[in-house]
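Asker: model the structure of this input:
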Amino acid sequence: MRPKEIRYFIRKKRIRKKIHGTFKRPRLSVYRSLKYIYAQIIDDNLGKTLVGVSSLSKELKRELNSGGKIGVAGLVGELVAKKALEKGIKEVVFDRGGRPYHGRIKSLAEGARKGGLEF
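Answerer: Numbering: from 1, shown residues only. Modelled structure (predicted):
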(Lines give C-alpha, C1' and ligand atoms only; values in the text may rest on other atoms or scores of the structure.)
Protein backbone atom coordinates (compact mmCIF):
# COMPACT_ATOMS: atom_id res chain seq x y z
CA MET A 1 0.00 0.00 0.00
CA ARG A 2 1.04 3.53 -0.67
CA PRO A 3 1.32 5.99 2.24
CA LYS A 4 -1.74 7.93 1.06
CA GLU A 5 -3.89 4.77 1.12
CA ILE A 6 -2.61 3.87 4.57
CA ARG A 7 -3.60 7.30 5.91
CA TYR A 8 -7.09 6.89 4.43
CA PHE A 9 -7.64 3.50 6.08
CA ILE A 10 -6.32 4.74 9.44
CA ARG A 11 -8.70 7.71 9.28
CA LYS A 12 -11.62 5.45 8.36
CA LYS A 13 -10.86 3.09 11.25
CA ARG A 14 -10.65 6.02 13.70
CA ILE A 15 -14.03 7.32 12.56
CA ARG A 16 -15.70 3.88 12.77
CA LYS A 17 -14.71 3.66 16.44
CA LYS A 18 -16.96 6.65 17.14
CA ILE A 19 -19.90 6.03 14.79
CA HIS A 20 -22.10 3.08 15.69
CA GLY A 21 -25.61 2.27 14.47
CA THR A 22 -28.23 0.77 16.77
CA PHE A 23 -31.70 -0.62 16.27
CA LYS A 24 -33.30 2.78 16.96
CA ARG A 25 -30.70 4.79 14.99
CA PRO A 26 -29.02 2.66 12.34
CA ARG A 27 -25.99 3.89 10.42
CA LEU A 28 -26.35 5.40 6.93
CA SER A 29 -23.05 4.43 5.32
CA VAL A 30 -21.98 6.06 2.05
CA TYR A 31 -19.36 4.70 -0.32
CA ARG A 32 -18.26 6.73 -3.30
CA SER A 33 -16.28 5.29 -6.18
CA LEU A 34 -15.10 7.25 -9.18
CA LYS A 35 -18.19 6.34 -11.20
CA TYR A 36 -20.96 5.25 -8.79
CA ILE A 37 -22.28 5.98 -5.31
CA TYR A 38 -23.67 3.48 -2.81
CA ALA A 39 -25.71 3.99 0.37
CA GLN A 40 -26.61 1.39 2.99
CA ILE A 41 -28.51 1.56 6.23
CA ILE A 42 -26.85 -0.84 8.66
CA ASP A 43 -27.74 -2.08 12.14
CA ASP A 44 -24.30 -2.64 13.69
CA ASN A 45 -25.65 -4.59 16.67
CA LEU A 46 -27.03 -7.30 14.38
CA GLY A 47 -24.44 -6.77 11.66
CA LYS A 48 -27.15 -6.63 9.00
CA THR A 49 -27.87 -4.31 6.12
CA LEU A 50 -31.46 -3.11 6.40
CA VAL A 51 -31.63 -1.04 3.20
CA GLY A 52 -29.21 -0.78 0.31
CA VAL A 53 -29.34 1.51 -2.73
CA SER A 54 -26.80 2.51 -5.36
CA SER A 55 -26.65 4.50 -8.55
CA LEU A 56 -26.84 1.12 -10.33
CA SER A 57 -30.29 0.34 -8.86
CA LYS A 58 -33.04 -0.54 -11.31
CA GLU A 59 -35.41 1.93 -9.66
CA LEU A 60 -33.09 4.79 -10.58
CA LYS A 61 -32.41 3.76 -14.17
CA ARG A 62 -35.77 5.20 -15.23
CA GLU A 63 -35.08 8.58 -13.61
CA LEU A 64 -31.47 9.03 -14.74
CA ASN A 65 -31.28 11.34 -17.72
CA SER A 66 -28.46 13.72 -17.04
CA GLY A 67 -27.41 16.04 -14.27
CA GLY A 68 -24.08 14.47 -13.59
CA LYS A 69 -22.89 12.54 -10.61
CA ILE A 70 -24.08 15.08 -8.04
CA GLY A 71 -27.66 14.89 -9.34
CA VAL A 72 -27.55 11.10 -9.27
CA ALA A 73 -26.28 11.18 -5.67
CA GLY A 74 -29.31 13.28 -4.66
CA LEU A 75 -31.64 10.74 -6.27
CA VAL A 76 -29.88 7.90 -4.43
CA GLY A 77 -30.40 9.80 -1.16
CA GLU A 78 -34.11 10.24 -1.85
CA LEU A 79 -34.52 6.57 -2.77
CA VAL A 80 -32.71 5.33 0.33
CA ALA A 81 -34.93 7.59 2.47
CA LYS A 82 -38.06 6.26 0.76
CA LYS A 83 -37.03 2.64 1.35
CA ALA A 84 -36.04 3.39 4.94
CA LEU A 85 -39.39 5.01 5.71
CA GLU A 86 -41.14 1.95 4.27
CA LYS A 87 -39.25 -0.17 6.82
CA GLY A 88 -40.08 2.25 9.65
CA ILE A 89 -36.66 3.88 9.95
CA LYS A 90 -36.86 7.64 10.54
CA GLU A 91 -33.57 8.52 12.28
CA VAL A 92 -30.07 7.49 11.23
CA VAL A 93 -26.44 8.20 12.07
CA PHE A 94 -24.62 9.55 9.00
CA ASP A 95 -21.33 7.82 8.17
CA ARG A 96 -19.62 9.56 5.26
CA GLY A 97 -16.77 7.05 5.23
CA GLY A 98 -13.97 9.49 6.00
CA ARG A 99 -14.77 11.65 2.99
CA PRO A 100 -15.26 15.43 3.22
CA TYR A 101 -18.84 16.68 3.40
CA HIS A 102 -19.17 18.28 -0.03
CA GLY A 103 -20.05 17.32 -3.57
CA ARG A 104 -21.73 13.95 -3.98
CA ILE A 105 -21.68 13.12 -0.25
CA LYS A 106 -23.46 16.38 0.56
CA SER A 107 -25.96 15.86 -2.27
CA LEU A 108 -26.82 12.36 -1.02
CA ALA A 109 -27.29 13.66 2.54
CA GLU A 110 -29.56 16.49 1.36
CA GLY A 111 -31.56 14.04 -0.76
CA ALA A 112 -32.01 11.75 2.25
CA ARG A 113 -33.16 14.68 4.39
CA LYS A 114 -35.54 15.77 1.64
CA GLY A 115 -36.90 12.21 1.57
CA GLY A 116 -37.70 12.36 5.28
CA LEU A 117 -34.70 10.95 7.16
CA GLU A 118 -33.33 12.74 10.21
CA PHE A 119 -29.61 12.77 11.05
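Asker: helices along the chain, start to end?
Answerer: Counting by DSSP state H, the segments of the chain that form helices are 3-18, 58-61, 68-86, 104-115.
Asker: which elements pack onto the longest one?
Answerer: Judged by 3 or more C-beta pairs under 8 Å, 6 or more residues apart in numbering; DSSP states H and E, helix 68-86 is in contact with strand 37-43, strand 48-54, helix 58-61, helix 104-115. All C-beta atoms are positioned from the backbone trio N, CA, C, and that covers glycine.
Asker: so which of the ones you listed is the most surrounded?
Answerer: With neighbours defined as mean count of other C-beta atoms under 10 Å, those peak in mean count at strand 37-43, which reaches a mean of 22.
Asker: what packs against that one?
Answerer: Against strand 37-43 (3+ C-beta pairs under 8 Å, 6+ apart) you get strand 27-32, strand 48-54, helix 68-86, helix 104-115.
Asker: those into JSON lines, with extra columns for distance to R62 and mean pLDDT?
Answerer: Below are those laid out as JSON lines (distance: least, C-beta to C-beta, whole Å; pLDDT from 0 to 100):
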{"stretch": "strand 27-32", "distance to R62": "23", "mean pLDDT": "95"}
{"stretch": "strand 48-54", "distance to R62": "14", "mean pLDDT": "96"}
{"stretch": "helix 68-86", "distance to R62": "11", "mean pLDDT": "95"}
{"stretch": "helix 104-115", "distance to R62": "17", "mean pLDDT": "97"}
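Asker: dump these to JSON lines, plus distance to V92.
Answerer: Converted to JSON lines, the helices and strands packed on strand 37-43 look like this (distance: least, C-beta to C-beta, whole Å):
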{"stretch": "strand 27-32", "distance to V92": "4"}
{"stretch": "strand 48-54", "distance to V92": "10"}
{"stretch": "helix 68-86", "distance to V92": "7"}
{"stretch": "helix 104-115", "distance to V92": "8"}
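Asker: ok so, going back, reformat the helices of the chain as JSON lines; add distance to D44.
Answerer: As requested, the helices of the chain are exported to JSON lines (distance: least, C-beta to C-beta, whole Å):
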{"stretch": "helix 3-18", "distance to D44": "9"}
{"stretch": "helix 58-61", "distance to D44": "26"}
{"stretch": "helix 68-86", "distance to D44": "16"}
{"stretch": "helix 104-115", "distance to D44": "18"}
